[in-house]
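*Asks:* structural data only, the sequence is not supplied:
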């Protein structure tokens, strides 16, 4: 009898673990069932480029060094090569608190696919908006246009 109960418990645990791994979790930065890692980072790049364009319009922010975080980590050196045209990007966080005040942090929090050609990216910034007291959090609609991901500022995020 214990052999049967043990077997059933083992099967139940296996099913539960498999189900948990297959169900998209709310805390994951992007759903690996609906997009590849490459696609998630292409969308992150498009969002960051849009954020950079907006930040360049603010003189105080334009003078700062910019740091990038993607999906919970400092952006990798490989990812940062996508922005080789940018000269004000910082790779490492400064040790000196005075230098830290001169950093604007751009963070890609998570990405959600809406359909084959539309994703919503949640991104935040710290130190990029001189009017903001703390971090700012925004959702961006990113669309696939002619094979390239781009932020569409005219589209609102639907609830």
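*Replies:* Happy to help now that I have it. Keep in mind it's a predicted model, so treat the numbers as computed, not measured.
*Asks:* what about residue 107, which SS state?
*Replies:* Assigned with DSSP: H, G, I helix; E, B strand; the rest coil, residue 107 falls in the strand class.
*Asks:* OK, contacts around it?
*Replies:* For residue 107, the contacting residues are 68-70, 123-126, 135, by Cβ atoms under 8 Å, 6 or more residues apart in numbering. (Each C-beta comes from the backbone N, C-alpha and C, glycine too.)
*Asks:* the worst-scoring helix or strand of the chain on mean pLDDT: what's the following helix or strand?
*Replies:* Taking mean pLDDT, DSSP states H and E as the measure, the chain has helix 2-22 as its least confident helix or strand, at a mean of 45. The helix or strand immediately downstream of helix 2-22 is helix 37-55, counting by DSSP states H and E.
*Asks:* top of the contacts of residue 107 by neighbour count?
*Replies:* Ranked by neighbour count (other Cβ atoms under 10 Å), those have residue 68 at the top, with 25 neighbours.
*Asks:* find the nearest non-adjacent residue to it, please.
*Replies:* residue 75 (4.1 Å; Cβ to Cβ, 6 or more residues apart in numbering).
*Asks:* how near is that neighbour to residue 156?
*Replies:* As judged by Cβ to Cβ, to the nearest Å, residue 75 and residue 156 stand 28 Å apart.
*Asks:* between those two, which one's more packed in?
*Replies:* Neighbour count, other Cβ under 10 Å: between residue 75 and residue 156, residue 75 has more, with 23 against 9.
*Asks:* ok, the residue nearest to the spatial centre of the chain - contacts?
*Replies:* Nearest to the geometric centre of the chain sits residue 108, at 2.5 Å (Cα atoms, centre = their mean). Residues near residue 108 by Cβ under 8 Å, 6+ apart: 29, 44, 47-48, 68-71, 121, 123.
*Asks:* any stretches of this structure with poor pLDDT?
*Replies:* Scanning the chain for pLDDT under 70 picks out 1-28, 93-94, 96-97, 159.
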